[in-house]
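A.B. asks: Return atomic coordinates for the entry below.
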Amino acid sequence: MLYPDAQAAIDAAAGDTPLHTEGYDVPAARAAAREAASRLPREEVAEVVDLVVDGLDGADGADGADGGVPCRLYRPVDAAPGIVVHAHGGGFVMNDVAVHDVPARRLANRVGRAVLSVDYRLAPEHPYPAAVRDLDAVVAWLDSPAGADAAAHGPAYAHGDSAGAQLALVAALRHPGRFAALALVYPFLDPAAAAPSHRTEGAGLSAADVAWYWRQYAGDHPDLTDPDLAPLGSDRLATLPPTYVATAEHDPARDEGELLAARVAAAGVEVVATRWLGQPHGFWRHDRVYAAAEPLMVSVAAFLRSR
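C.D. replies: Predicted coordinates for the structure are as follows:
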């Protein structure tokens with residue numbers, strides 16, 4: 001059963017046009033999300049800096065983002081050494097650093113370290129592997145003098161929610177040993193949507209929505225078992241750092257997140273996995289709507305701080 005605040009949020013969105021509707025206006029939806037986020041109150045941090053990380057050319061048939069990868073760096077007061085690379089959710093299609101400004105500030109303040117929010121390229125304009133390559137560019141930047149300075153010469157951590165959690169996981173798998181810890185909030189992992197929860201849960205995120213998001217991101221890619229698209233099947237799970245996985249009870253992606261946690265544990269990696277009862281996909285970002293959002297933020301921050 002959805003908790004009352006979660007049910008109220010789902011009911012309030014019931015009249016929204018489904019994004020899988022033919023002719024759905026993606027640019028207008030993105031603009032509306034930015035406008036809504038701009039009205040939210042936000043916590044103060046010591047410093048906010050917009051910067052551009054050089055893009056990568058070459059492998060995987062992708063060119064780096066024109067002019068590099070935009071990012072936003074948040075530094076809290078009395079920041080400890082280290083940096084959290086945050087990849088935002090939105091099904092690889094929606095949202096950006098502006099939409100995630102409020103939770104990124106909260107994450108920086110709770111973790112007590114700098115947070116780098118990555119404005120990776122979005123599908124369908126830039127399908128897979130553009131976002132993967134943008135995260136590769138950020139990882140390369142971490143090893144540059146500028147990246148080391150931003151991290152105050154401390155460790156790097158990876159964090160993401162939903163599709164951003166998939167990108168954070170893929171980045172950790174592609175760059176073993178680079179991150180001290182990994183925190184994934186209701187990760188969106190399987191293009192085949194094979195887990196039972198895709199058929200039993202659908203509060204706020206339907207099976208048609210899930211299929212639409214993957215179609216935009218995967219595009220015409222012929223191999224949907226590619227581990228950079230479907231990291232559940234990766235043979236490199238044992239290379240992951242200590243990993244935190246949070247799932248939501250009424251999320252279609254719930255079971256794939258929990259399967260990931262089980263497989264990572266079986267590979268010998270330290271894992272903490274939590275299921276947040278009464279919650280739908282997407283609740284982490286909205287602390288003024290869902291009472292569980294702040295406890296989840298604190299839980300993630302505590303895990304990262306301890307590593």
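A.B. asks: okay, CA-based contacts and neighbour counts for the rest of this
C.D. replies: Noted.
A.B. asks: which residues of the stretch 151-300 of the chain fall in helices?
C.D. replies: 163-174, 197-200, 207-218, 254-266, 293-305 (DSSP state H, counting those that start in this stretch).
A.B. asks: Distance to residue 230 and mean neighbour count added to those helices, as TSV?
C.D. replies: Formatted as TSV, the helices of the stretch 151-300 of the chain follow (distance: least, C-alpha to C-alpha, whole Å; neighbours: other C-alpha atoms under 10 Å):
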stretch	distance to residue 230	mean neighbour count
helix 163-174	9	26
helix 197-200	16	16
helix 207-218	10	19
helix 254-266	11	20
helix 293-305	24	18
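A.B. asks: Quick one: those helices as a markdown table, columns for distance to residue 121 and mean pLDDT too.
C.D. replies: What follows is these, written out as a markdown table (distance: least, C-alpha to C-alpha, whole Å; pLDDT from 0 to 100):
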| stretch | distance to residue 121 | mean pLDDT |
| --- | --- | --- |
| helix 163-174 | 12 | 98 |
| helix 197-200 | 27 | 97 |
| helix 207-218 | 11 | 97 |
| helix 254-266 | 24 | 98 |
| helix 293-305 | 25 | 98 |
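A.B. asks: Can you say which of those helices is nearest to residue 48?
C.D. replies: With distances scored as C-alpha to C-alpha, the stretch of these nearest to residue 48 is helix 293-305 (19.2 Å).
A.B. asks: now for that closest one, which elements pack on it?
C.D. replies: helix 101-111, strand 181-185 (3 or more C-alpha pairs under 8 Å, 6 or more residues apart in numbering; DSSP states H and E).
A.B. asks: Using PDB, write down the CA coordinates of it.
C.D. replies: What follows is helix 293-305, C-alpha atoms only, in PDB (Å, rounded to 0.1, in the frame of the first residue of the first chain):
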ATOM      1  CA  ALA A 293      12.900  11.500   1.100                       C
ATOM      2  CA  GLU A 294      14.900  13.100   3.800                       C
ATOM      3  CA  PRO A 295      15.600   9.900   5.700                       C
ATOM      4  CA  LEU A 296      16.800   8.300   2.500                       C
ATOM      5  CA  MET A 297      19.100  11.200   1.800                       C
ATOM      6  CA  VAL A 298      20.500  10.900   5.300                       C
ATOM      7  CA  SER A 299      21.000   7.200   4.900                       C
ATOM      8  CA  VAL A 300      22.800   7.600   1.600                       C
ATOM      9  CA  ALA A 301      25.000  10.300   3.000                       C
ATOM     10  CA  ALA A 302      25.900   8.300   6.100                       C
ATOM     11  CA  PHE A 303      26.900   5.400   3.900                       C
ATOM     12  CA  LEU A 304      29.200   7.600   1.800                       C
ATOM     13  CA  ARG A 305      30.600   9.400   4.800                       C
END
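A.B. asks: Fine, thanks again, bye for now.
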